[in-house]
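Colleague: Requesting a structural model of the entry that follows:
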Amino acid sequence: MSAEDRQNAGVSASSSQALLDRARQVIDIEIAGLNRVKDRLNAGFCKAVQLILNTKGRLVVTGIGKSGLIGRKISATLSSTGTPSVFLHPVEAMHGDLGMLGSEDCILAISNSGETQELVSLLPIFKARSISVIAMTGGLNSTLARESQAVIDVGVEREACSLGLAPTASTTAALAAGDALAVVLLELRNFDAQDFRRNHPAGSLGEALRLQVRTVMLTGDAIPRVRMGLRIEEVLGIMNAGRLGCVLVLDKHDELVGIMTDGDIRRGLLHGSDVLFAPVERIMTKSPKSVHPSTLAADALALMERHLITVLPVVEDGILVGIVHLHDLLGKGQFKFSV
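Modeller: Below is the predicted model of the structure:
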């Protein structure tokens, strides 16, 4: 009987329930491995985090075989979440790629056993260059663990493979530990959604945020604007019609001199209702934050987030030409285009 015949016979003889039971068993083994890694997180993980935060260069991830594949994914996740990272193949390293290493870099070496020869042979080179090494391994007494400055324990009790040979639970554990490392670093670096978008320009939102503000700003009669000297009670109608929660205040030359928001009105009323009869410049914010029409939408959004504001006047050569609202950038996850 050929191998194909044996395979077909095996499938036909197996019940669907038996197949599902075995699949669930594999997943249970991997879950058990993840729980073990979670429970064994310790000071070594914290030291690894500190080493990476102190690194002025890049985090260079290395590993071979399945660990190398996991390493590539970890490196990509780190890079996209604020930790500059590259992947170094151990064999290629010995054939010239060591040239990518700088003295300010840090190594994250992944090996389930901690005795992978291609990886171990690089350790003296890292040491000679005074490059710190973080081990991600299940071999806590291995050469890799002993020669590293920090160790992240990703050991599992067994692989999900019935032969106990194919990397399954161990690679899942390493991948999860890498994700944990990336997320902890992300939060410590105060890496926010805007930073993430900058690193993901190919997505629909990222693509949109590469456009200039002039593409989405409101112009002409859609801009709620008033002249200096107008009484606040008269400004209220213009603000309400504009539906942006603000009005922009101009001088006689159409130059922007201030912005009045509904918050300014509420704060003004705390000093008495007679504020409604005062000129708008009494409670407006002078010299408001603004952007040029050529400003990238991503940069305008970053400015809004940094100063906790929802509108930005758009000014060119001192003259008001538009206004952009946060909703024009992110409203319901869509980007508004003018055509």
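Colleague: got a list of what residue 260 touches?
Modeller: Shown in contact with residue 260 (C-beta atoms under 8 Å, 6 or more residues apart in numbering): 232, 235, 239, 246-247, 249, 280, 283-285. For the C-beta atoms, the positions are set from N, CA and C on the backbone; glycine is no exception.
Colleague: Which strand residues bridge it?
Modeller: Beta-bridge partners recorded for residue 260 (DSSP bridges): residue 247.
Colleague: Now do stretch 169-184: everything it contacts.
Modeller: By C-beta under 8 Å, 6+ apart, the residues outside stretch 169-184 that reach it are 29-30, 32-34, 36-37, 41, 45, 48-49, 52, 66-67, 69-71, 73-74, 77-78, 81, 83, 110, 112, 136, 138, 152, 154-156, 158-160.
Colleague: Bridging across strands, which residues link to the closest residue to residue 149 other than its chain neighbours?
Modeller: Using C-beta to C-beta, 6 or more residues apart in numbering and skipping residues adjacent in sequence, the residue nearest residue 149 is residue 132, 4.7 Å away. Beta-bridge pairing for residue 132 (DSSP bridges): residue 106.
Colleague: neighbours of residue 132, just the number please.
Modeller: By other C-beta atoms under 10 Å, the residues close to residue 132 number 19.
Colleague: who touches it in this structure?
Modeller: Residue 132 makes contacts with 51, 55, 106-107, 149-150, as judged by C-beta under 8 Å, 6+ apart.
Colleague: Identify, from those residues, the entry nearest to residue 325.
Modeller: Nearest to residue 325 among the contacts of residue 132, counting by C-beta to C-beta, is residue 55 at 39.7 Å.
Colleague: mind listing what's buried in stretch 65-74?
Modeller: 65-71, 73-74 (16 or more other C-beta atoms under 10 Å).
Colleague: pLDDT below threshold where in this structure?
Modeller: Within the chain, the ranges that satisfy pLDDT under 70 run 1-14, 193-210, 330-339.
Colleague: I'd guessed residue 244 sits against residue 324; true?
Modeller: No: applying C-beta atoms under 8 Å, one finds residue 244 not in contact with residue 324, separated by 9.9 Å.
Colleague: Between these two, tell me which one has more neighbours.
Modeller: Set side by side, residue 244 and residue 324 show more neighbours around residue 324, with 28 against 22, by other C-beta under 10 Å.
Colleague: Of the contacts of stretch 169-184, select the buried ones using a ChimeraX command.
Modeller: Paste this into ChimeraX to select the buried members of the contacts of stretch 169-184, with burial taken from 16+ other C-beta under 10 Å:
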select :29,30,33,34,36,37,45,48,49,52,66,67,69,70,71,73,74,77,78,81,83,110,112,136,138,152,154,155,156,159,160
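Colleague: in the stretch 51-200 of the chain, which spans are strands?
Modeller: In the stretch 51-200 of the chain, the strands defined using DSSP state E, counting those that start in this stretch lie at 59-62, 85-88, 106-110, 132-137, 150-153.
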